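Colleague: pasted the sequence and its predicted model underneath.
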Amino acid sequence: MSFDFDKINDHRIESKPYKSSGEKFVYMNVFDAQMIQAKMTFHAEGNQTGLSLLVTEISWPPNNRTLPHIHEIEDESFFMLEGSVTIHFGRPDEEREVITATKGEFAWLPRYHWHEVNVGPQGAHVLLIQTPGSQLSEWFRVVGTEIGTEIETEEDFDRLNEFAYRNYGLRFWKPDRFVGAKVEHSGNLSVRQEA
């Protein structure tokens, strides 16, 4: 038989002790000028924690943002290490609740709630904790390294939105117009692994 029974699934679900030294990361540069040069360090991924949680450290440059979006799988919580974020809850076509979180504060974003994040003028350093653990870190890798600035038309956006929903339970509010993420240097758009 030619099947390799010794092959290990790199993304198998485990739940055993380990530590993160920040070796797995991606720099984001996303369509519609979102998350420009935001560094996402994956400290605990769903497959490492028995799908219990996903912990990502985000270093956001000033005035970054996300599109309004909704998660159907994860609850999100933000612990602010530095800087500030303003979070708008609710559909963008309705009146929305607004909260601002600054250093030392905690913000909770339950699943099934539209929200968008706007980073303050000093930037933000955030510990993002998502429960349960999921494959959302893989979404960040795909959009950060493979899709990124490729979304230029409404059709591109619709295809991305369907892909995000089908694979990650994530939906985005369609922007009124599309703006490319124009950057001088895209950074290290790969995940570095220890040898």
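Modeller: Thanks, I have it. As the structure is a prediction and not an experimental result, all values here were calculated from the model.
Colleague: going by C-alpha atoms from here, please, whenever you check contacts or count neighbours.
Modeller: OK.
Colleague: wait, residue 115 touches residue 65, no?
Modeller: No: here residue 115 lies out of contact with residue 65, judged by C-alpha atoms under 8 Å, at a distance of 11.1 Å.
Colleague: who has more neighbours out of the two?
Modeller: residue 115 (25 against 22; other C-alpha atoms under 10 Å).
Colleague: now stretch 93-106: buried residues?
Modeller: Under the neighbour-count criterion of 16 or more other C-alpha atoms under 10 Å, stretch 93-106 has 100-102, 106 buried.
Colleague: out of these, which are inside helices?
Modeller: Secondary structure from DSSP state H places none of the buried residues of stretch 93-106 in helices.
Colleague: would you list these in TSV and tack on distance to residue 165?
Modeller: Shown next, in TSV, are these (distance: C-alpha to C-alpha, whole Å):
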residue	distance to residue 165
100	28
101	28
102	30
106	27
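Colleague: so residue 148 lies in a helix, does it not?
Modeller: Yes: counting by DSSP: H, G, I helix; E, B strand; the rest coil, residue 148 is part of a helix.
Colleague: return the distance of the helix-or-strand element of the chain with minimal mean pLDDT from the chain's centre.
Modeller: Between all helices and strands in the chain, the lowest mean by mean pLDDT, DSSP states H and E belongs to strand 25-30, at a mean of 87. Centroid separation for strand 25-30 versus its chain: 9 Å, with C-alpha atoms, centre = their mean, to the nearest Å.
Colleague: partners of that strand in the sheet?
Modeller: strand 34-44 (antiparallel) (DSSP bridges).
Colleague: could you point out which element follows the partner strand?
Modeller: strand 54-60 (DSSP states H and E).
Colleague: for that next one, packing partners?
Modeller: With contacts taken as 3 or more C-alpha pairs under 8 Å, 6 or more residues apart in numbering; DSSP states H and E, strand 54-60 sits against strand 34-44, strand 115-131.
Colleague: next up, the contacts around the residue nearest the centre of the chain.
Modeller: For the chain, residue 140 is the residue whose C-alpha lies nearest the centre (C-alpha atoms, centre = their mean; 5.1 Å). For residue 140, the contact set (C-alpha atoms under 8 Å, 6 or more residues apart in numbering) comprises 26, 28.
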